[in-house]
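Chemist: fold the following, please.
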Amino acid sequence: MKKTKAISYLRTSSATNVGVDKDSDKRQRSAIQAFAKRQGIEIVEEFYDADVSGADPIETRPGFSALLDRIEENGVRTVIVEDVSRFARQLVVQEAGIVALIERNVQVLTASGDDLTETDDPLKVAMRQIAGVFAQLEKARLVGKLKAARDRKRATGVKVEGRKSYAESDKTGLMIATAKSLRRKPKNGKRRSLRSISAILAENGFLSHSGKPFTATAIARMVGER
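Modeler: A predicted model of the protein is given here:
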């Protein structure tokens, strides 16, 4: 029987808990591996935020950002943590991390077998619904801003829709060539992540049709990895 593939996520909140002589990460890893073994799950990769406070926003954590890159690149849809506090101590931050994974169709399990993506807790359900409402509001706001920008350009005679001009095609070619070059050339001995490439492209004016930085999935297509 083919094993379910999963990613593990670890976090320690203080530098005093980080190091070969400390056991916070070892305890988490041991609990996750024991659970995975019992359930017939294969851990294919681990992501670890060392010295990261449980109050720190999910989006600022390098380990969690790298975990999202991995998910978007290879389709793994299960994440295992020791317990919910590894996401955060504060409920609102916990839910932000879980919602980010739910949006990517990921199941989040704890080493004790709890499914954090499934809940009948009224407060958590409400928080997830509110997060969804704000996401829709932000999307609508962005669409409105882009439409207004297009209307302003159109009023000046600038072409904003229809068939791409030669200049636009050249820009697309340059963008793809840049993405491939960034992926090939490692930074500090480690290959750049798809998200970091997206950020570099955005800084240089290469954005998606929605005006946002390209997703990791889109960057993967550009560099020929999907």
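Chemist: wait, Val76 touches Lys5, no?
Modeler: Yes. Val76 lies in contact with Lys5 (Cβ atoms under 8 Å); the separation is 5.2 Å. All C-beta spots, glycine's among them, are computed from the backbone N, C-alpha and C.
Chemist: which strands and helices lie in contact with the helix or strand where Ser30 lies?
Modeler: According to DSSP states H and E, Ser30 maps onto helix 24-39. Secondary-structure packing of helix 24-39 (3 or more Cβ pairs under 8 Å, 6 or more residues apart in numbering; DSSP states H and E): strand 4-11, strand 41-49, strand 78-81.
Chemist: which of the ones you listed is buried the deepest?
Modeler: When these are scored by mean count of other Cβ atoms under 10 Å, the highest mean neighbour count falls to strand 78-81 (a mean of 24).
Chemist: need the residues touching each of Val76 and Lys5.
Modeler: Val44 (Cβ atoms under 8 Å, 6 or more residues apart in numbering).
Chemist: how far out from the middle of the chain is the helix holding Ser30?
Modeler: Distance, stretch centre to chain centre, for helix 24-39: 23 Å (Cα atoms, centre = their mean, to the nearest Å).
Chemist: go on, stretch 75-90?
Modeler: Remark: stretch 75-90 is offset 13 Å from the chain centroid, using Cα atoms, centre = their mean.
Chemist: with stretch 58-70 instead?
Modeler: 6 Å.
Chemist: what are the buried residues along that stretch?
Modeler: Of the residues in stretch 58-70, Ile58, Arg61, Phe64, Ser65, Ala66, Leu67, Leu68, Asp69, Arg70 count as buried by neighbour count, 16 or more other Cβ atoms under 10 Å.
Chemist: name the residues that touch that stretch?
Modeler: Contacts of stretch 58-70 (Cβ under 8 Å, 6+ apart): 7, 9-11, 45, 47-50, 52, 76, 79, 87-88, 93, 96-97, 100, 104, 193-195, 216.
Chemist: what's the separation between Thr117 and Leu68?
Modeler: Distance of Thr117 to Leu68, given as Cβ to Cβ, to the nearest Å: 15 Å.
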